[in-house]
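# Coordinates for the following, if possible.
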Amino acid sequence: MLKEVFSLVLSLYILLYQTIVPCLEPEMLSVNTIDRQKHLGTWYFKAAVSHREADIQKFRVLDNIVFTMEERANDTLLLTGHMRMGDNCIKQTWTYHINLESNDLELEGRPQRKNLLWSGKWAECSECIIFQEIEPPLDKEKGTEDSLHRHMLYARSSNSSEMVATFLKNAACHSMQASVTPRQEKEFCT
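Predicted coordinates for the structure are as follows:
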C-alpha cells in the first residue's frame, strides 16, 4: 500500500514538474526539404543517448569518431565514418537514400530502420545535427531485446562541451538516461 502511495505521489510530482518546467522538444528536419548542401561535409560525433544502455554500448569502445557526408546521384547520401578504437582506425561507409515521400532516410540494406534528422536546437547548437535511429524488434513477440532507439549528436567542431551538457540534459528530461560521450584523448582518424 505504501509503495502505491509513493508511486502516485512521485507520478504527480513529475507531472507537476513537467507542467512548470516542460521538456524542450527537438525540431525535426524533413530530409526531403532540407538544404542538403548545408549538411554535407565533416561532422564530429559528440554523444549518444537512449532509454537503454544496449542501444549505445558500441560507442563506449571508441575514442573518437569523425564523419564525412557526401551527396551522390539520385537522392543518395554517402556517410563515411573514421573511428578511433585504441590505436586503430576503422573506416566504415553507409549509404542513405532520400525518400521524397517520407521524412526519414533509408539505410541501404536496412529498410526497416527509420533514420531521422533533428536540428541542433535541442543542444542549443546551430552548428549541430541530431541523428535518430529507430529499428523495431525482429521478433515482436519477444519484445524490445533486439530493437534500437537512439539519438546521436554531431557537431561541426571537435571541441565543445556546453552543447553536450545541454543535449544530455534535454535527453534526460525525455527519460533517456543512458548516454555516452567519446573520450577524444587520441588523434582523429582521417
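# Residue 129 is in contact with residue 120, correct?
Yes: applying C-beta atoms under 8 Å as the test, residue 120 and residue 129 come out as touching, 5.8 Å apart. Heads up, the C-betas are built off the backbone N, CA and C, glycines and all.
# shared neighbours, these two?
residue 153 (C-beta atoms under 8 Å, 6 or more residues apart in numbering).
# got a list of what residue 37 touches?
When contacts are counted by C-beta under 8 Å, 6+ apart, residue 37 touches residue 71.
# Assumed it was part of a helix.
Yes: under DSSP: H, G, I helix; E, B strand; the rest coil, residue 37 falls within a helix.
# Give me the pLDDT value at the nearest residue to residue 29 once chain neighbours are set aside.
The shortest distance from residue 29 to any non-neighbouring residue, by C-beta to C-beta, 6 or more residues apart in numbering, is to residue 117 (4.3 Å). pLDDT, residue 117: 91.
# Next: residue 159.
pLDDT, residue 159: 77.
# Check the secondary structure at it for me.
Three-state call for residue 159 (three-state DSSP): coil.
# Over to it: give its phi and psi.
Main-chain torsions, residue 159, degrees, to the nearest 10: phi -120, psi 120.
# got it, and the one 5 residues further on?
Dihedral angles phi and psi of residue 164 (degrees, to the nearest 10) take the values phi -70, psi -40.
# any idea how far the residue nearest to residue 29 lies from residue 63?
Distance, residue 117 to residue 63, using C-beta to C-beta, to the nearest Å: 25 Å.
# ok, now which ones touch the residue nearest to residue 29?
Applying C-beta under 8 Å, 6+ apart to residue 117 gives the contacts 28, 29, 31, 34, 39, 105, 129, 130, 131, 132.
# can you confirm it is in a helix?
No: per three-state DSSP, residue 117 lies outside any helix segment and is strand.
# Tell me the helix or strand right after the helix or strand of the chain with the lowest mean pLDDT.
When each helix and strand of the chain is scored by mean pLDDT, DSSP states H and E, helix 2-20 comes last, with a mean of 57. Next helix or strand after helix 2-20 toward the C-terminus (DSSP states H and E): strand 28-29.
# Can you list the strands that that next one pairs with?
Strand 28-29 has these partner strands in its sheet, going by DSSP bridges: strand 110-119 (antiparallel).
# And the average pLDDT for the very next helix or strand once past the partner strand is what?
Per DSSP H and E, the first helix or strand lying C-terminal to strand 110-119 is strand 128-135. Mean pLDDT, strand 128-135: 93.
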